[in-house]
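Student: Okay, predicted coordinates and the sequence, questions at the end:
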Amino acid sequence: MMKSSPPYSPQRPSASARGQSIVLIAAAFVGVVAFVGLAIDTGLLFIGYGHLRRAVDSAAIAAATQFREGQDVSDITKTAEEFLRLNGVDNVTAVVDICDNSETNATNPDVCTVPLRKLVKVTATSHVDFAFLQVVGLYGTDVTAEAIGEAASMDVVLVLDISESMTWDAACGDGDDDDGDGVIDDGPMNPDPGNPWRVCSNPTAGADGKPDFEARNPILCNAADPGGVDGTPGECHPFEEVKAAAADFAEWVLDKDVIEEADRLAIVVFSNGWEGAVDPTTGYVYGSGNRGTYVVGNNWYKDQGAAVAAIENLQVYQADPCPSDWATSTNPGTCNLSDHPDDHFYGGAVCPFYNPANPVAMAAGLLNGDASTCATTAIGLGLKYGGAMFALDPNPSALWVTILLTDGQANATELDISDTDTTDIPWGYCPAATAGDYPHCQDRNIYSYHSPELSPGVGNPDYDADDYARDAARFIACDPISPAAGCNGIKGQGAIIFSIGLGQWVLNPTADLSGDGEWDQYGDALLRFAARIGDDGNPATNPEPCAYGTTPHKALTGGTDDYQCGNYYFREFGGGLNSVFDDIASRIFTRLSH
């Protein structure tokens, strides 16, 4: 007989066993919390760092803007911290580094680069509190982020007209004491229909015995006020106002010590395109002083004082006094008629080759004379030299800007290497059919364009000064890789162009010379073209900001007929130029900060 087993009776755990279980469960719970906390708090850490990083990026951009305005490190730091707080980062400490010679980080490679750039480094640290890891004694940690902001440096080229017409603001009968002798509109009253500015209304002689219009003589006004009592040497107006406004602008561009300055300024002046020394290697013609077209100082300026002094000492084109036989002289170019046969005063700039009876013009078969060496507004050559500056020690990270100022219209180009024989005229790109007409060296249609070559290696005899100037504008503004169709295949520098027209000659002639129903204002049309292509590299921009006929530019009212459209500015008088340069400065700054 089998024996049955006793029924199962589980044993109750002891008190010590139950305590061990609770400990193990608690430890497991802490581990689970720590594991979950690690995941969650790591996420909080990354979120906090990302938030800080975005805030630091914003602060670096704001700090770079302040650097562009010339603020010091302490002010830039305040701006950075303010932007960090605006982005929700509290209790933050920011450290700002710039390449400032007065700071201890003047050699910091993060911000002191070669070439020098306008870099601002912002480093900020903030604290991130943990939510779960506090159970294991980790209450939080600091996170640090840094960012470098950059305010683009500028390479700015001033292309300034120094033609002899830059003395036009002195005249008789205008109610001004132009020569500063204490007598208004004094001088001879002989009628001179060809030069109405020479007809004075007051026969009373001043202390100097000269008429008011004598201040138009570059020989005299260039030499006047050598100490620059009014701020700049010379008294040729409106050129004095040009220099004053350009010098103020140069001070804005070059606003730091040379060792810290990341911006650069170049100065190009233009008059005629042939006078000066010929470079035997390139064939370029370089002028000097108050002659020709050239780069002042032959390089970039970074020193504010040197740039301002260079501008203030510029002079208007000054021809030599005329010889007694000037009308039949074989000397090219203009001469200064300082001994007028009627009143023995300044008679203006005259040109031997423009005289139909000149033997050189007669031998060349030019019955109307030749003006190819007479004109002194080589806008195209000035732009060409200006565009070439961007290739001189180039700074690809800079904003490239060209500012063209002229009081007239393109009527001269450059001297070709072969144009060295005075019996072979016209000189430069001056079609024979235009050499004896006004406006000089260009056809009578502001909308026409002729390419420089009829076919490869074959020059186009109709390529004129206006065509040349428009191609020079293309050379500056067109894209260097993929130029727009209107660039005619010219790969340019991709630079910005602002153009400034000064005085009534920009709007002359106010007549429909071409018979197309439009007044052919050669200077105005060219400057509008340069401004249009200089805005976005495309001469066919639509809508056209300076559409012909949309701005009241067809006639002067006798008041102050100033206006602006797109990148083009017109000022009737020199006193309005400061406002132009101020506006250009503000627009450059806007482009930099965006």
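Tutor: Done, it's in.
Student: remind me which residues of the stretch 51-200 of the chain are low pLDDT?
Tutor: 68-70, 91, 101-107, 132-136 (pLDDT under 70).
Student: Do a quick rundown of the helices in it.
Tutor: Along the stretch 51-200 of the chain, the segments classed as helices by DSSP state H, counting those that start in this stretch run 73-86.
Student: give the contact list for the closest residue to residue 52 other than its chain neighbours.
Tutor: Leaving aside its sequence neighbours, residue 52 sits nearest to residue 145 (C-beta to C-beta, 6 or more residues apart in numbering; 4.6 Å). Heads up, the C-betas are built off the backbone N, CA and C, glycines and all. By C-beta atoms under 8 Å, 6 or more residues apart in numbering, the residues touching residue 145 are 49, 52-53, 55-56, 123-124.
Student: which of these lies closest to residue 262?
Tutor: Comparing those against residue 262 with C-beta to C-beta places residue 123 closest, at 21.2 Å.
Student: Which strand residues bridge the closest one?
Tutor: residue 95, residue 146 (DSSP bridges).
Student: surely it meets residue 95?
Tutor: Yes: counting by C-beta atoms under 8 Å, residue 123 does reach residue 95; the two are 4.5 Å apart.
Student: Pull out the buried members of the contacts of residue 145.
Tutor: Listed as buried from the contacts of residue 145 are 52-53, 55-56, 123-124; burial here means 16 or more other C-beta atoms under 10 Å.
Student: now the residues you listed as a markdown table including distance to residue 275?
Tutor: Shown next, in a markdown table, are these (distance: C-beta to C-beta, whole Å):
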| residue | distance to residue 275 |
| --- | --- |
| 52 | 63 |
| 53 | 60 |
| 55 | 60 |
| 56 | 57 |
| 123 | 57 |
| 124 | 60 |
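Student: re the thing from before, distance of the residue nearest to residue 52 relative to residue 202?
Tutor: Using C-beta to C-beta, to the nearest Å, residue 145 is found at 75 Å from residue 202.
Student: Run a quick neighbour tally on the residue nearest to residue 49 when sequence neighbours are not counted.
Tutor: Spatially, and ignoring its direct neighbours in sequence, residue 49 is nearest to residue 143 (4.6 Å; C-beta to C-beta, 6+ apart). Around residue 143 there are 18 other residues, counting by other C-beta atoms under 10 Å.
Student: Could I get the full set of helices for the stretch 251-400 of the chain?
Tutor: 304-312, 359-363, 379-388.
Student: Look up how far residue 87 lies from residue 128.
Tutor: 15 Å.
Student: cool, residue 586 as well?
Tutor: From residue 586 over to residue 87 (counting by C-beta to C-beta), the distance is 27 Å.
Student: So between the two, which is more surrounded?
Tutor: residue 87 (16 against 9).
Student: Distance of the nearest residue to residue 81 once chain neighbours are set aside relative to residue 221?
Tutor: Nearest residue to residue 81, sequence neighbours excluded (C-beta to C-beta, 6+ apart): residue 94, at 4.7 Å. Residue 94 sits 55 Å away from residue 221, going by C-beta to C-beta.
Student: picking up where we left off before, could you dump the helices of the stretch 251-400 of the chain to CSV with mean pLDDT, mean neighbour count and distance to residue 347?
Tutor: Compiled in CSV, those are given as follows (pLDDT from 0 to 100; neighbours: other C-beta atoms under 10 Å; distance: least, C-beta to C-beta, whole Å):
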stretch, mean pLDDT, mean neighbour count, distance to residue 347
helix 304-312, 97, 19, 29
helix 359-363, 84, 16, 21
helix 379-388, 95, 27, 26
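Student: any chance of the ones you listed in a markdown table, plus distance to residue 297?
Tutor: Output for the helices of the stretch 251-400 of the chain, formatted as a markdown table (distance: least, C-beta to C-beta, whole Å):
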| stretch | distance to residue 297 |
| --- | --- |
| helix 304-312 | 6 |
| helix 359-363 | 36 |
| helix 379-388 | 12 |
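Student: Pretty sure residue 495 sits against residue 387.
Tutor: Yes: with contact defined as C-beta under 8 Å, residue 495 and residue 387 form a contacting pair (7.1 Å).
Student: Overlap in contacts, the two.
Tutor: Between them, residue 495 and residue 387 share the contacting residues 157, 402, 476, judged by C-beta under 8 Å, 6+ apart.
Student: Give me the buried entries from those residues.
Tutor: By neighbour count, with 16+ other C-beta under 10 Å, the shared contacts of residue 495 and residue 387 hold 157, 402, 476 as buried.
Student: TSV for these, including distance to residue 112?
Tutor: Output for these, formatted as TSV (distance: C-beta to C-beta, whole Å):
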residue	distance to residue 112
157	26
402	29
476	31
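Student: Mark which of those residues are part of strands, please.
Tutor: The strands, defined by DSSP state E, take in 157, 402 from those.
Student: Go through the buried ones among the shared contacts of residue 495 and residue 387 and name the one nearest residue 118.
Tutor: residue 157 (18.9 Å).
Student: Let me see the contact set for the closest one.
Tutor: Taking C-beta under 8 Å, 6+ apart, one finds 265-268, 386-387, 389-390, 401-403, 495 in contact with residue 157.
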